[in-house]
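> only the shape, not the letters, is given here:
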């Protein structure tokens, strides 16, 4: 769907200060039909990357390439094919939810009739249909986030770019928004979104892009990233009890009143299993230690 190639962006704000390198030779891809999470700490360069992708600002080096279906004959972006939700969208407080959504739909190329039809279709999914006649100044932060997400996809874009779309939502709201993102992908849309909520990215994305201090750390599948960071150790789950083993353990954890789990190196795994089975212990589980995407993210940050 799009490729970022060797993008560098340097901000020069003051003659007396050193230039700030926001992005340093960054390259990554967002394949068509994928759900790509964009991760990085504050200041990593995520929002700058998104602004360059959308041509709001220009890179000092490098380029962004889109599929032909997203470009006009002169090579410019076909914005009617793209939906974008910024991290801090502005909502006109004096407009009602319907007026704002209708206005945004028309800006995206819909007729007034088409905008109304799409609002009627989408609002129940976002659970804001009951509030469309109210002025936006009466909306909570979560309701504004839902409205912003809805108007982003009102014109049925092919590429959806979201900057922190799940911020300001309670757990139920995040779940509902993730379901809508799943539906977008199932319908063939491409979704690219930044987030600080790493478990949400792990749950719904098939690819992830990591930035750290303006440099690309990783661009690829979530499964490969998790597989590459598998630890060379295993968890054995077994009933609570007093067991005499000589195999050295890396860690012991109590799971509940009935079960514990022991961590052991790959090299010592078989020996520990033999010792326990020899004592008549019923082993409840054996699996390789698998870090979460969040653990990997914080290792990369450090």
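Everything's here; your move. Keep in mind the model is a prediction, meaning the values are calculated, not measured. Numbers count the residues shown, from 1 in each chain.
> just the strands in the stretch 51-200 of the chain please.
Under the criterion DSSP state E, counting those that start in this stretch, the stretch 51-200 of the chain contains strands at 61-66, 82-85, 159-163, 190-194.
> and for the stretch 201-302 of the chain?
Under the criterion DSSP E, counting those that start in this stretch, the stretch 201-302 of the chain contains strands at 207-212, 215-221, 233-239, 251-254, 259-265, 285-288.
> out of the ones you listed, which one sits most buried?
Among those, ranked by average contacts under mean count of other CB atoms under 10 Å, first place goes to strand 207-212 (a mean of 23). (Each C-beta comes from the backbone N, C-alpha and C, glycine too.)
> ok so, going back, okay if I get the strands of the stretch 51-200 of the chain as TSV plus mean neighbour count, distance to residue 240 and mean pLDDT?
Shown next, in TSV, are the strands of the stretch 51-200 of the chain (neighbours: other CB atoms under 10 Å; distance: least, CB to CB, whole Å; pLDDT from 0 to 100):
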stretch	mean neighbour count	distance to residue 240	mean pLDDT
strand 61-66	15	57	92
strand 82-85	21	49	93
strand 159-163	23	46	93
strand 190-194	24	43	93
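> a markdown table please, covering those and showing distance to residue 202.
Shown next, in a markdown table, are the strands of the stretch 51-200 of the chain (distance: least, CB to CB, whole Å):
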| stretch | distance to residue 202 |
| --- | --- |
| strand 61-66 | 26 |
| strand 82-85 | 21 |
| strand 159-163 | 17 |
| strand 190-194 | 13 |
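> tell me which of those lies nearest to residue 29.
For these, the distance to residue 29 is smallest for strand 61-66, at 9.3 Å, taking CB to CB.
> so which of the strands of the stretch 201-302 of the chain gets nearest residue 132?
Comparing the strands of the stretch 201-302 of the chain by CB to CB, strand 207-212 comes nearest, at 35.0 Å.
> tell me what angle the closest one forms with strand 215-221.
Using axes from the mean of the first three to the mean of the last three CA atoms, to 10 degrees, one finds that strand 207-212 and strand 215-221 are set 170 degrees apart in direction.
> angle of strand 207-212 against strand 190-194?
Per the same axes, to 10 degrees, the angle that strand 207-212 makes with strand 190-194 is 30 degrees.
> tell me the strands beside strand 207-212, with direction?
Strand pairing for strand 207-212, using DSSP bridges, gives strand 35-39 (parallel), strand 215-221 (antiparallel).
> any chance of the ones you listed in JSON lines, with mean pLDDT and distance to residue 13 too?
Shown next, in JSON lines, are the strands paired with strand 207-212 (pLDDT from 0 to 100; distance: least, CB to CB, whole Å):
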{"stretch": "strand 35-39", "mean pLDDT": "93", "distance to residue 13": "25"}
{"stretch": "strand 215-221", "mean pLDDT": "91", "distance to residue 13": "21"}
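> residue contacts, residue 225?
When contacts are counted by CB atoms under 8 Å, 6 or more residues apart in numbering, residue 225 is found next to 208, 218, 293, 296.
> closest to the centroid, which residue in the protein?
residue 37 (3.3 Å; CA atoms, centre = their mean).
> would you confirm that that one contacts residue 209?
Yes: between residue 37 and residue 209 there is a contact at 7.2 Å, judged by CB atoms under 8 Å.
> quick one, helices of the stretch 151-300 of the chain?
With helices called from DSSP state H, counting those that start in this stretch, the stretch 151-300 of the chain shows them at 171-186, 198-204, 222-228, 266-278, 293-301.
> of all these, which one is nearest residue 102?
helix 171-186 (20.1 Å).
> centre of the chain to that closest one, how far?
In terms of CA atoms, centre = their mean, to the nearest Å, the centre of helix 171-186 is set 12 Å apart from its chain centre.
> that helix - contacts with which helices or strands?
strand 35-39, helix 112-126, helix 141-152, strand 190-194, helix 198-204 (3 or more CB pairs under 8 Å, 6 or more residues apart in numbering; DSSP states H and E).
> picking up where we left off before, turn the strands of the stretch 201-302 of the chain into JSON lines, including distance to residue 47.
Shown next, in JSON lines, are those (distance: least, CB to CB, whole Å):
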{"stretch": "strand 207-212", "distance to residue 47": "10"}
{"stretch": "strand 215-221", "distance to residue 47": "16"}
{"stretch": "strand 233-239", "distance to residue 47": "38"}
{"stretch": "strand 251-254", "distance to residue 47": "39"}
{"stretch": "strand 259-265", "distance to residue 47": "39"}
{"stretch": "strand 285-288", "distance to residue 47": "37"}
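> ok, which of the ones you listed comes nearest residue 26?
Closest of those to residue 26 is strand 215-221, at 4.9 Å (criterion: CB to CB).
> which residues touch the closest one?
By CB under 8 Å, 6+ apart, the list of residues contacting strand 215-221 from outside reads 24-29, 206-211, 225, 300.
> done for today, thanks.
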